Each structure stands twice: as C-alpha cells, then as structure tokens.
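Student: coords please:
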Amino acid sequence: MVMKLYFKHMESSKAIGDYAEKRLSPVIRKFSPFPLEAATTFLTEGLDQKVLVSMMTRDGHRIRVEQKASTLFEAIDRASDRLERQLRRHKEILRAQRIKGYRRGGFKGTEAYLREIWDTSEFRDMPVDAQDILEFERIRAEHPRQAV
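Tutor: Sure thing, here's the model as predicted:
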C-alpha cells in the first residue's frame with residue numbers, strides 16, 4: 001500500500017505523518033488487504049484542523065473521509081473511526097453481492113458492480129483523472145472478466 005501525505009496551509013511534520021500512518025494503516029489493511037493507494041491531506045481552516053483521507057480499493061471503489069477538529073490528532077482519530085465504518089460497510093456490501101450472485105447462478109463481475117455503484121450513488125460527481133483510469137484498467141487486465 002502506498003500512503004501519500006500532503007500538508008496544506010501548514011508546516012509538514014514527521015510526527016503528524018507517523019501518527020496518521022499508525023492510526024490509518026491498520027484500519028485500511030484490516031478491511032481492504034490490497035488497496036492501491038491512500039492519500040491523506042492535512043490542512044488548516046481558520047481555527048479548525050482538517051484531515052482528508054481518500055483511497056481506492058482493489059475493486060475500483062473510492063472511499064473518501066473528511067473530518068474537522070480543534071487538534072490535528074483528534075481529527076486523525078475521527079477520520080480513522082469513520083474510515084473503519086465505511087470500509088466495513090463496503091466489505092459487507094461486497095459479501096452480500098457475492099452471495100446474491102451465486103444464488104442467481106453466476107458471479108457478478110467487477111464491471112457490473114461498478115455500474116451498479118455508479119447508478120446508485122454520489123460517485124457520478126466525483127472527478128476522475130487519467131491515473132485513476134489507468135489503475136482501473138491495470139486491475140481489470142489482471143482479473144479477467146467473469147460470467148454474469
């Protein structure tokens with residue numbers, strides 16, 4: 001897993017980066033054993049400290065967490081808890097779809113899953129850059145299409 005750290009409107013700090021990796025890495029590895037990338041951005045807005053965590057899982061699902069607090073360490077803790085809840089929910093959805101796919105007599109492939117997420121969620125408004133598309137195509141090439 002690659003974890004990128006960005007600091008905006010503040011000095012970069014090794015202590016903050018180490019604390020974020022210590023808190024976020026176990027959560028990410030627990031629920032998503034093969035994430036492609038996790039980007040953590042730390043920024044200051046007035047008196048509040050803000051943490052943004054954005055990651056893409058192996059199946060192409062992008063998870064984004066945004067938390068504010070009075071201290072950066074508190075914001076990291078809140079982001080870690082929220083990320084854990086989102087990853088748990090994503091894993092349960094995948095498990096339910098896998099079971100549902102087997103009952104129908106076929107397994108729902110990644111493309112069908114992504115189409116369903118696209119139709120039923122707010123991901124339409126999320127910007128996608130060329131790097132995201134290249135990563136998705138690389139993953140799709142590694143895992144051949146399965147029968148629907």
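
Student: Just give the nearest non-adjacent residue to residue 4, would you?
Tutor: residue 39 (4.6 Å; Cβ to Cβ, 6 or more residues apart in numbering). Any C-beta I mention is one placed from the backbone N, CA and C, and that applies to glycine too.

Student: residues contacting residue 52?
Tutor: Applying Cβ atoms under 8 Å, 6 or more residues apart in numbering to residue 52 gives the contacts 39, 40, 41, 43, 64, 65, 66.

Student: ugh, typo on my part, it should be residue 68
Tutor: 45, 48, 49, 50, 51, 75.

Student: Can you tell me which of those residues are buried?
Tutor: 49, 50, 51, 75 (16 or more other Cβ atoms under 10 Å).

Student: Buried residues of stretch 134-145, list them for me.
Tutor: Neighbour-count burial for stretch 134-145 [16+ other Cβ under 10 Å]: 136, 139.

Student: rewinding a little: between the contacts of residue 52, which is nearest residue 21?
Tutor: residue 40 (8.3 Å; Cβ to Cβ).
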